[in-house]
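In: Sequence and predicted structure, then a few things I'm wondering about:
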Amino acid sequence: MVGEWYMLPRGESFEVVAYDHEEETVEIQYFDGAVEEFELETWLELSAEPIEPPEDWSGSVDIMREDYGMEDRANPYRPKNPLDELDINDKD
């Protein structure tokens, strides 16, 4: 069930992000990024219906580079696209 998307009867969609077998808890993350944890018994009472993942699921990934002190600069470890070099050389 981890990684699966569901919808509550009231229309809220969420993804199951963790299941703790020992503690019998299910952790979910709503589309807006909010996280909530339920005991397994409560989870079963939610009447959540499985759904397809949203086309744009980035709503739950609400992270900005500034949040982690990262500057907007090129990553020296990121592989370069060889086609970018063709564009530079074609300007002659």
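Out: Now that the structure is in, tell me what you want to look at. All values derive from a computational prediction rather than experimental measurement. Numbers count the residues shown, from 1 in each chain.

In: Direction included, what does the strand ranked longest in the chain pair against?
Out: In terms of residue count, the longest strand belonging to the chain (DSSP state E) is strand 13-20. Paired with strand 13-20 in the same sheet, following DSSP bridges, are strand 5-7 (antiparallel), strand 25-30 (antiparallel).

In: Now render the ones you listed as TSV, adding mean pLDDT, distance to residue 17 and mean neighbour count.
Out: The way it works is simple: take the backbone N, C-alpha and C, and place the C-beta from them, glycine included. What follows is these, written out as TSV (pLDDT from 0 to 100; distance: least, C-beta to C-beta, whole Å; neighbours: other C-beta atoms under 10 Å):
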stretch	mean pLDDT	distance to residue 17	mean neighbour count
strand 5-7	94	11	17
strand 25-30	94	5	18
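
In: got the residue ranges for the helices in the chain?
Out: Along the chain, the stretches classed as helices by DSSP state H are 40-45, 82-89.

In: Any idea which of those helices has the lowest pLDDT on average?
Out: When the helices of the chain are compared by mean pLDDT, helix 82-89 comes last with a mean of 60.

In: Residue 12 reaches residue 34, doesn't it?
Out: No: between residue 12 and residue 34 there is no contact, the gap being 9.5 Å when judged by C-beta atoms under 8 Å.

In: returning to what we had before: to residue 48, which of the strands paired with strand 13-20 lies closest?
Out: Closest to residue 48 of those, according to C-beta to C-beta: strand 5-7, at 3.9 Å.

In: Against residue 53, how distant is the closest residue to residue 12 other than its chain neighbours?
Out: The shortest distance from residue 12 to any residue that is not its chain neighbour, by C-beta to C-beta, 6 or more residues apart in numbering, is 6.0 Å, and that residue is residue 30. Relative to residue 53, residue 30 is positioned 13 Å away (criterion: C-beta to C-beta, to the nearest Å).
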